[in-house]
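Asks: Just a sequence and a predicted model for now, questions to come.
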Amino acid sequence: MSLPFLQRSHAYAARLLHKAGLTVSQIPDAVQVTRTTVETWFSREMAKGNAQQAFQVLKGHVQEKGSQMLFEQLKELLLVKLIIHLGIKGKLATNVASLILPFVLKRVYEQFQKNGKLQTWWQDQNWKERLPTTGEIKNSLMGVKKNLSTSSTSTDQAMFI
């Protein structure tokens with residue numbers, strides 16, 4: 001994106017936030033609170049093992065049920081933090097969160113894409129998803145064991161006849 005477009009979109013977002021009811025001094029605070037909330041939420045979800053759904057939320061792809069739930073949790077967490085940190089009312093916090101959250105999610109996602117360590121970690125996660133789980137390995141071993149035990153008893157019976 002070109003620099004003038006970004007400047008216009010930021011100015012447009014600031015105008016929308018001001019029309020929603022924030023003062024000019026509250027707009028940078030709202031952006032900072034939203035950014036720190038998204039980053040801490042993302043870290044918690046990664047620790048919980050919800051990496052795939054958390055990345056879907058950052059990308060803006062919330063069609064799946066799990067991603068929708070995580071997005072709603074993030075939005076509720078942001079509402080509480082906006083009310084506490086900025087001292088605004090619930091309806092205004094809802095409007096601000098609805099306006100600012102998509103901008104911040106996109107920006108945080110772009111920053112994560114630029115981080116080399118995160119890209120390496122994500123590739124490792126994708127590799128782990130292709131590997132069978134311990135449960136799948138146990139099931140396949142049990143299946144092989146059953147096949148071996150049934151084939152060995154049929155050959156033993158054939159020898160004695």
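Replies: Alright, I've got the coordinates.
Asks: Give the closest residue to residue 102 in space, chain neighbours not counted.
Replies: Leaving aside its sequence neighbours, residue 102 sits nearest to residue 60 (Cβ to Cβ, 6 or more residues apart in numbering; 6.8 Å). The C-beta positions use only the backbone N, C-alpha and C, and glycine is treated the same way.
Asks: quick one: pLDDT of that neighbour?
Replies: Here the pLDDT value assigned to residue 60 is 79.
Asks: Equivalent analysis for residue 11, please.
Replies: Per-residue pLDDT puts residue 11 at 77.
Asks: And the one 5 residues further on, by the same measure?
Replies: Model confidence at residue 16, expressed as pLDDT, equals 79.
Asks: That one contacts residue 99, doesn't it?
Replies: Yes - between residue 16 and residue 99 there is a contact under Cβ atoms under 8 Å: 5.3 Å.
Asks: contacting residues around the residue nearest the centre of the chain?
Replies: The centre of the chain sits closest to residue 54, judged by Cα atoms, centre = their mean, with a distance of 0.8 Å. Residue 54 is in contact with 42, 45-46, 70, counting by Cβ atoms under 8 Å, 6 or more residues apart in numbering.
Asks: same deal with residue 50?
Replies: Going by Cβ under 8 Å, 6+ apart, residue 50 touches 66, 70.
Asks: 7 Å instead?
Replies: residue 70 (Cβ atoms under 7 Å, 6 or more residues apart in numbering).
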